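J.: one predicted model, sequence on top.
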Amino acid sequence: MCTVLVTGGAGFIGSAVVDLLLSNGHKVVVVDNLSNGNMDNVNKASTYYNMDITDLKLSKIFEIERPQYVIHAAAQINVEKSIQDPISDANINIMGSINILECCRRSGVQKIIYSSTAAVYGNPLYLGIDEIHELNPISFYGISKYITERYIKLFNALYGLKYTILRYSNVYGIRQGISGEGGVIPCFIMHMLKGEEPTIYGNGDQTRDFIYVDDVARANILALEKGDNEIFNIGTGIEVSINDLLKSLSSIIGDCIPLYKKEKKGDIRYCYFDIRKSSGILGWEPEYMLKEGLENTIQWYSKLLA
């Protein structure tokens with residue numbers, strides 16, 4: 001058993017990671033200011049601190065808890081918000097992450113596992129996107145995540161702090177809010193369950209690689225012991241258009257006619273991952289196919305609305 005500190009542990013992805021860590025016998029410390037997270041998501045078996053990752057008092061938590069590992073999932077995750085307010089985006093995603101890294105360095109953390117994103121690639125030059133693809137983010141969110149990757153690598157080079165960087169495709173599942181990269185799924189589900197028309201931005205031909213949150217949590221747990229100083233794409237390797245996603249949801253919930261609007265700035269048009277490196281080194285592969293993941297997610301939102 002080891003002590004793992006999870007930033008953003010009250011959030012969508014972070015809470016799934018916390019639950020899996022606890023089920024594997026680890027002691028878990030959660031740091032979350034509840035700006036995106038929800039106290040209902042915090043596993044009661046964890047130790048919880050309400051604190052912003054930019055707060056310099058964060059070092060006190062590290063001194064008290066002495067984690068061996070840090071899973072850094074806290075972030076500003078809204079692409080559109082990053083374009084509207086790049087200063088806030090950079091303050092949270094870059095300065096907050098530097099604060100985390102400094103706490104790791106000073107308290108002797110063995111390894112940090114960082115939640116990054118497909119947004120660092122920008123519009124791809126080829127599909128499926130592998131880890132050596134050129135990095136050309138088209139949103140401030142993508143830039144802030146990429147810059148943090150560079151800081152992590154330099155902390156490793158200068159101070160020996162081990163890392164694994166996990167670049168997620170579009171994560172979806174239970175407890176997800178409507179903002180963020182996978183937010184199209186909860187938006188669609190909520191509207192459809194209420195009998196409302198879902199909105200598609202653009203013509204719906206844009207594609208994504210949708211990965212279920214429990215599969216993402218497993219990748220984080222595997223990265224505790226594997227993949228030192230490596231970057232991995234975490235997705236399914238399957239390309240799904242937004243129109244086809246809506247058809248899949250309609251087959252479960254019932255038919256609907258979407259409303260089409262102008263596409264959003266900063267959105268990537270086409271994306272799916274090559275995940276062979278994750279499979280070969282981490283020993284990770286997705287277990288949930290889209291239909292099963294959607295059924296689980298719809299069931300959760302149905303209970304939420306009941």
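T.: Structure received. Numbers count the residues shown, from 1 in each chain.
J.: tell me which element N233 falls in.
T.: strand 230-234 (DSSP states H and E).
J.: what residues are up against P258?
T.: With contacts defined as Cβ atoms under 8 Å, 6 or more residues apart in numbering, P258 is in contact with E197, P198, T199, I200, G204, L246. C-beta: built from backbone N, CA, C; applies to glycine.
J.: now S250
T.: M192, C256.
J.: read off the pLDDT value for it.
T.: Looking at S250, its pLDDT is 97.
J.: doesn't it belong to a strand?
T.: No: per DSSP: H, G, I helix; E, B strand; the rest coil, S250 lies outside any strand segment and is helix.
J.: can you tell me how far it is from T236?
T.: S250 sits 20 Å away from T236, taking Cβ to Cβ, to the nearest Å as the criterion.
J.: and if you look at D40?
T.: Distance from D40 to T236, by Cβ to Cβ: 28 Å.
J.: pLDDT below threshold where in the stretch 151-300 of the chain?
T.: 179-182 (pLDDT under 70).
J.: name the nearest residue to R105, ignoring sequence neighbours.
T.: In this structure, R105 finds its nearest non-sequential neighbour in Y159, 5.1 Å apart by Cβ to Cβ, 6 or more residues apart in numbering.
J.: and the helices in the chain?
T.: Taking DSSP state H to define them, one finds helices in the chain at 12-23, 58-65, 79-84, 86-90, 96-107, 140-159, 184-193, 213-223, 242-253, 276-277, 290-305.
J.: list the buried residues in the longest one.
T.: Applying a neighbour-count criterion of 16 or more other Cβ atoms under 10 Å, the buried positions in helix 140-159 are 140-149, 152, 155-156.
J.: now do the fourth one
T.: Residues of helix 86-90 classed as buried by neighbour count (16+ other Cβ under 10 Å): D89, A90.
J.: tell me the domain ranges of the protein?
T.: With domains defined by automatic domain parsing, the chain comprises 3-172+211-237+274-282, 184-207+239-271+290-305.
J.: distance between the last one and the chain's centre?
T.: The offset between the C-alpha centroid of domain 184-207+239-271+290-305 and the centroid of the whole chain comes to 19 Å, using Cα atoms, centre = their mean, to the nearest Å.
J.: how far does it stretch from start to finish?
T.: By Cα to Cα, to the nearest Å, the extent of domain 184-207+239-271+290-305 from end to end equals 18 Å.
J.: contacting residues for the residue nearest to Y288 when sequence neighbours are not counted?
T.: Distance criterion Cβ to Cβ, 6+ apart; nearest residue to Y288, sequence neighbours excluded, is Y212 at 3.8 Å. Y212 makes contact with V171, Y172, G173, P286, Y288, E292, G293, N296, according to Cβ under 8 Å, 6+ apart.
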